[in-house]
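Q: Fold the following.
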Amino acid sequence: MPLILAIESSCDETAAAVSSDNIILSNVIYSQQIHAQYGGVVPELASRAHLQAIVPVVDAALMQAGKEINDIDAFAFTQSPGLIGALMVGAGFAKSLALALDKPLIAVQHLHAHVLANMIRKDDRPVPTFPFLCLTVSGGHTQIIQCNSPLDLKLLGQTLDDAAGEAYDKAAKIMGLPYPGGPLIDKYAKDGDPGAFVFPEPKIPGLDFSFSGLKTAFLYFIRDGKLKDEQFVENNLSNICASIQHRINTILLNKLQVAALQTGINTVCIAGGVSANSGLRHSLKMVGEGLGWNTFIPPFEYCTDNAAMIAITGYYKYLEKDFSPLSVSVSARSHFS
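A: The predicted structure follows:
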């Protein structure tokens, strides 16, 4: 049972985790608060915050796991995609440990890790069997992945422009809600009517997505509403949030249904930060029950960026001896074959 120390630093969370076999022993996440005042992540500030946090975060992960650094068998880190400066902090730290202790280094693709977060076992929670489909939804990516095995992933569809998470945050900003706005839309939507307002669904061929048109339509909707009533958003906040959340989630699930029909795969998962959205989680369960799917949803702590998902991916790569040289470089972009 290999002990793996994993580091995640792709954006604005500094995270470290320790795993034994495919069991997570610790999962520590430090979320950077400095970006809220700017309405989004500032790359340079993110890199600096990672430099300050990485040592105490890794130390905390080891302490929670009850392990010493010399006990670790391999070091995994997020190699791509992400903010270059942020990725370099985690990669440099992992490389230093691997070199100093003469242990294997494992480079992990961030989106691959989000998919395999569904394979983390916790509290006797069942995990999906292969093959399965995964809808990966975050602030920067929206994809449908066919997962044939832990290391065999195929991209079936992705966003052509904006991600679903970005659409959530942009809609919140248009309404005047603070960053990050996605969780606030989810919060207010619980008291609203999803059918109160109707927003368009883009007609994109195949299994790809587009959210830029929806963002524009929402901008005009709020503008026109305020022309008639200056307090339009305040007076209709719950219904607006419920309606835009309903449209974003139906766009996602409608494409997922097409993918399941085309592939014949009825084991379906979601992953990524937006998979923490309560409306999406509930809708997936309802659609799955209606279509006879076996649905799997990661625990909340494994939805947003975390190191446990890097550790579980590192575990599967360790079994295949899929190690990386110290010369491996980070990348802002990445893709599935």
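
Q: measure the residue of the chain most remote from its centre to residue 236 for me?
A: The C-alpha centroid of the chain is most remote from residue 228, which lies 38.1 Å away (C-alpha atoms, centre = their mean). For residue 228, the distance to residue 236 equals 11 Å [C-beta to C-beta, to the nearest Å]. From N, CA and C alone the C-beta is placed, and that goes for glycine too.

Q: What sits closest to the spatially most central residue of the chain if chain neighbours are left out?
A: The centroid of the chain falls nearest to residue 272 when counting by C-alpha atoms, centre = their mean (2.2 Å). The shortest distance from residue 272 to any residue other than its chain neighbours is 3.8 Å, reached at residue 138 (C-beta to C-beta, 6 or more residues apart in numbering).

Q: Quick check: that neighbour touching residue 277?
A: No: if you go by C-beta atoms under 8 Å, residue 138 and residue 277 don't touch, sitting 11.0 Å apart.

Q: And the helices in the stretch 201-337 of the chain?
A: Counting by DSSP state H, counting those that start in this stretch, one finds helices in the stretch 201-337 of the chain at the ranges 212-228, 232-263, 278-291, 308-319.

Q: among these, which is the most enclosed?
A: Of the helices of the stretch 201-337 of the chain, the one with the most neighbours on average (mean count of other C-beta atoms under 10 Å) is helix 308-319, at a mean of 27.

Q: So which elements touch that helix?
A: If you count contacts as 3 or more C-beta pairs under 8 Å, 6 or more residues apart in numbering; DSSP states H and E, helix 308-319 packs onto strand 3-8, strand 13-20, strand 23-31, strand 74-80, strand 105-109, helix 110-116.

Q: Out of those, which is closest to residue 58?
A: strand 13-20 (4.5 Å; C-beta to C-beta).

Q: Would you mind getting the angle between the closest one and strand 3-8?
A: 170 degrees (axes from the mean of the first three to the mean of the last three C-alpha atoms, to 10 degrees).

Q: Could you check the angle strand 13-20 makes with strand 23-31?
A: Using the same axes, to 10 degrees, strand 13-20 lies at 170 degrees relative to strand 23-31.

Q: which other helices and strands contact strand 13-20?
A: strand 3-8, strand 23-31, helix 43-65, helix 308-319.

Q: next one: that strand to chain centre, how far?
A: Put simply, strand 13-20 sits 15 Å off its chain's centre (C-alpha atoms, centre = their mean, to the nearest Å).

Q: Same check on stretch 294-312?
A: Using C-alpha atoms, centre = their mean, the offset of stretch 294-312 from its chain centre is 8 Å.

Q: buried stuff in it?
A: 295-298, 302-312 (16 or more other C-beta atoms under 10 Å).

Q: Using PDB, list the CA coordinates for that stretch.
A: Provided in PDB are the C-alpha atoms of stretch 294-312 (Å, rounded to 0.1, in the frame of the first residue of the first chain):
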ATOM      1  CA  ASN A 294     -26.300   4.400 -11.800                       C
ATOM      2  CA  THR A 295     -25.300   7.900 -10.500                       C
ATOM      3  CA  PHE A 296     -22.300   8.900  -8.400                       C
ATOM      4  CA  ILE A 297     -21.600  12.200  -6.800                       C
ATOM      5  CA  PRO A 298     -18.300  13.000  -4.900                       C
ATOM      6  CA  PRO A 299     -18.500  14.200  -1.300                       C
ATOM      7  CA  PHE A 300     -18.400  18.000  -1.100                       C
ATOM      8  CA  GLU A 301     -14.800  18.200   0.000                       C
ATOM      9  CA  TYR A 302     -13.700  16.400  -3.200                       C
ATOM     10  CA  CYS A 303     -15.700  18.600  -5.600                       C
ATOM     11  CA  THR A 304     -13.700  21.800  -5.400                       C
ATOM     12  CA  ASP A 305     -10.000  21.900  -6.000                       C
ATOM     13  CA  ASN A 306      -8.300  19.500  -3.500                       C
ATOM     14  CA  ALA A 307      -5.300  17.300  -3.100                       C
ATOM     15  CA  ALA A 308      -7.200  14.100  -2.400                       C
ATOM     16  CA  MET A 309      -8.100  13.800  -6.000                       C
ATOM     17  CA  ILE A 310      -4.400  14.300  -7.000                       C
ATOM     18  CA  ALA A 311      -3.500  11.600  -4.500                       C
ATOM     19  CA  ILE A 312      -6.000   9.000  -5.900                       C
END
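
Q: Save the helices and strands packed on strand 13-20 as a markdown table, and put in mean pLDDT and distance to residue 243 too.
A: As requested, the helices and strands packed on strand 13-20 are arranged in a markdown table below (pLDDT from 0 to 100; distance: least, C-beta to C-beta, whole Å):
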| stretch | mean pLDDT | distance to residue 243 |
| --- | --- | --- |
| strand 3-8 | 98 | 34 |
| strand 23-31 | 95 | 29 |
| helix 43-65 | 95 | 33 |
| helix 308-319 | 98 | 32 |
